[in-house]
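S.K.: Got a sequence here, can you build the structure:
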Amino acid sequence: MNPLVITVNVKSTVYCDFQLRWYPWDDPHCFLNLKVTNVPSFGLLVDGTSTVTMRPELLEEYEVVECRLQETPHPTNNLTLLVHLTRRYQYHLWTTFLPTSLLAAIGYGTLLLPLEAFAERGSMSLTTLLMFIALYTETNSSLPSTAYLKHIDVWFVFSLIFLTLVINVHLMTFLADSESAGQSVRPTPSRHLTHVSAPPFAKRVRDRMAVPKRILRMSTVLFALVFIIFTLVYFLAIV
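M.R.: Predicted coordinates:
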């Protein structure tokens with residue numbers, strides 16, 4: 001008895017329900033139910049020897065990890081094809097995480113500028129925030145829409161809050177400096193018109209800038225620790 005081999009080329013569009021909470025490090029599975037209509041309901045048996053002989057290794061956004069037929073205990077004409085994919089995340093590393101990390105570093109760098117350079121600190125941090133919002137808007141338009149936060153959305157939200165808090169620190173130092181300046185020139189009423197020697201000008205300026213400088217120093221250390229800890233936790237969570 002000679003074996004009979006039939007080859008049929010079939011092209012179909014299939015929609016799979018993926019869970020994208022860990023996007024772009026998701027590891028989706030897709031189950032395809034195939035029904036062979038030209039054989040009886042007891043005509044096919046899928047066991048350990050049944051294999052998928054040809055499959056692509058790389059897709060546009062995914063790598064194909066596994067593609068196999070699910071075994072059936074009894075002969076049937078319904079087949080279940082399991083496709084295990086893993087997303088190719090390298091694209092987002094270069095186009096999303098690298099630019100946003102550089103913007104966060106530039107925003108953090110404004111905390112290292114001198115206290116007197118408020119105009120430069122304010123303009124640089126605000127420009128960085130606006131550039132980040134533009135990048136986030138452009139990137140978000142190409143991401144899959146979900147009703148929940150994806151892993152990449154968490155990164156965007158943290159970076160947005162990080163840069164916003166940097167601007168708030170600059171505003172706090174400006175307000176603290178203005179308040180100290182107002183107190184240093186405020187006259188002290190006295191009932192006796194006696195001559196009181198004023199402290200040297202350099203000392204008054206130094207005392208006035210003590211609080212804003214302390215705010216900047218504390219913010220520099222705190223923001224660095226928060227960013228490093230968040231980055232470690234963020235990327236260790238996907239391991």
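
S.K.: could you say which helix or strand contains L129?
M.R.: helix 118-140 (DSSP states H and E).

S.K.: packing partners for the following helix or strand past that helix?
M.R.: As assigned by DSSP H and E, the chain's next helix or strand after helix 118-140 is helix 151-185. Helices and strands touching helix 151-185, by 3 or more Cβ pairs under 8 Å, 6 or more residues apart in numbering; DSSP states H and E, are helix 98-109, helix 118-140, helix 201-208, helix 210-236. C-beta: built from backbone N, CA, C; applies to glycine.

S.K.: the longest strand in the chain is where?
M.R.: In the chain, assigned by DSSP state E, the strand with the most residues is strand 78-87.

S.K.: How about N78, nearest residue that isn't a chain neighbour?
M.R.: K35 (5.2 Å; Cβ to Cβ, 6 or more residues apart in numbering).

S.K.: Please tell me how far the one you found sits from F132.
M.R.: 50 Å (Cβ to Cβ, to the nearest Å).

S.K.: who's more crowded, those two?
M.R.: F132 (22 against 10; other Cβ atoms under 10 Å).

S.K.: how many other residues sit next to the closest residue to that one other than its chain neighbours?
M.R.: Closest residue to F132 apart from its sequence neighbours, by Cβ to Cβ, 6+ apart: L103 at 4.8 Å. Residues lying near L103 (other Cβ under 10 Å) number 20.

S.K.: Same question for the one 4 residues further on.
M.R.: Taking other Cβ under 10 Å as the criterion, the count of residues near G107 is 26.

S.K.: For it, give me its contacts.
M.R.: 124-125, 128-129, 132, 162-163, 166 (Cβ atoms under 8 Å, 6 or more residues apart in numbering).

S.K.: want to throw these into a markdown table with distance to L232 and pLDDT?
M.R.: Formatted as a markdown table, the contacts of G107 follow (distance: Cβ to Cβ, whole Å; pLDDT from 0 to 100):
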| residue | distance to L232 | pLDDT |
| --- | --- | --- |
| M124 | 27 | 94 |
| S125 | 24 | 93 |
| T128 | 23 | 95 |
| L129 | 24 | 95 |
| F132 | 21 | 95 |
| F162 | 15 | 97 |
| L163 | 20 | 96 |
| V166 | 20 | 95 |
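
S.K.: Let me see the contact set for the residue nearest in space to the middle of the chain.
M.R.: By Cα atoms, centre = their mean, the chain has its centre lying nearest to W155, at 2.3 Å. Going by Cβ under 8 Å, 6+ apart, W155 touches 96-97, 100, 234.

S.K.: which of those residues tops the neighbour count?
M.R.: T100 (23 neighbours).

S.K.: Hmm, it is touching I133, no?
M.R.: No: under the criterion of Cβ atoms under 8 Å, T100 makes no contact with I133, lying 11.1 Å away.

S.K.: According to the record, where do the domains of this protein fall?
M.R.: Domain segmentation of the chain under automatic domain parsing yields 29-88, 91-184+200-236.

S.K.: Which of those comes out lowest on mean pLDDT?
M.R.: Among the domains of the chain, domain 29-88 has the lowest mean pLDDT, at a mean of 82.

S.K.: List the buried residues of stretch 156-171.
M.R.: 156, 158-160, 162-163, 166-167, 169-170 (16 or more other Cβ atoms under 10 Å).

S.K.: of those, closest to L115?
M.R.: Proximity of these to L115 (Cβ to Cβ) peaks at H170, which lies at 9.9 Å.

S.K.: in the longest strand of the chain, what's buried?
M.R.: Buried residues in strand 78-87 (16+ other Cβ under 10 Å): 79, 81, 83, 85, 87.
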